[in-house]
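Novice: Here is a sequence with its predicted model. Questions after.
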Number of protein chains: 2
Amino acid sequence: MPAEDELELTAVLQALADPLRLEIVRELAAAGDERSCGLFATQVAPSTRSYHFKTLRDAGVTRTRIAGTRRMVSLRRDELDRRFPGLVAAVLDDRR
Amino acid sequence: MPAEDELELTAVLQALADPLRLEIVRELAAAGDERSCGLFATQVAPSTRSYHFKTLRDAGVTRTRIAGTRRMVSLRRDELDRRFPGLVAAVLDDRR
């Protein structure tokens, strides 16, 4: 997971550029807290879900914490807001 | 080229998620007007440049106009701002 000052805009945009990952980010933003990975995107195969969570984590969009047998994921909102002011808000604001 | 109400956030994010395309978008935003495609990214092969301009155009980020033997490109800033308020500003604001 990249540190705050290593977050790259193109990597973050790439991570957000997928409907399922965008849905995960929106749910995390709405929750405002960490959630179990298993609660998300239950319509896709576990391997697909793992791939998407890894993409978000590697880009620095989310943080994952292991809690026993569960993986808890949270949005790195404060860090993203400091590095790319307005970006997450603009993405969440989309009203399609 | 998609109409304003057909612009898709994920497609726009995907188009912006590349260093060269981001550079083109920044130059277009700074120019505030259309520019000849040939003025951009002169360090890459013409076929590569064409690919990137096509990606931007297909996602609806830019508009291309043929003027004689030249292709003039411009940023669809107003349309993007209406559809995804704050997104282009956030991307241009990046201070890495």
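Specialist: Received, thanks. Numbering: from 1, shown residues only, chains lettered A, B, ... in the order given.
Novice: Look up phi and psi at A:Arg63.
Specialist: Dihedral pair for A:Arg63: phi -120, psi 140, per degrees, to the nearest 10.
Novice: can you pull up the bridge partners for it?
Specialist: A:Ser74 (DSSP bridges).
Novice: if I read this right, it contacts A:Val73, doesn't it?
Specialist: Yes. Here A:Arg63 reaches A:Val73: they are 7.1 Å apart, a contact under Cβ atoms under 8 Å. Quick note: C-beta positions are derived from backbone N, CA and C, even for glycine.
Novice: May I have the predicted confidence score for the residue of chain A most remote from its centre?
Specialist: In chain A, the residue that sits farthest from the middle, by Cα atoms, centre = their mean, is A:Gly68; the gap is 21.0 Å. At A:Gly68, the model reports a pLDDT of 93.
Novice: got it, and A:Thr64?
Specialist: We have a pLDDT of 94 for A:Thr64.
Novice: Surely it and A:Thr55 touch.
Specialist: No. Taking Cβ under 8 Å as the definition, A:Thr64 is not a contact partner of A:Thr55, at 11.9 Å.
Novice: Please list the residues of chain A that sit near chain B.
Specialist: A:8-11, A:13-14, A:16-19, A:22, A:83-87, A:89-91, A:93-94, A:96 (Cβ under 8 Å from any Cβ of the partner chain).
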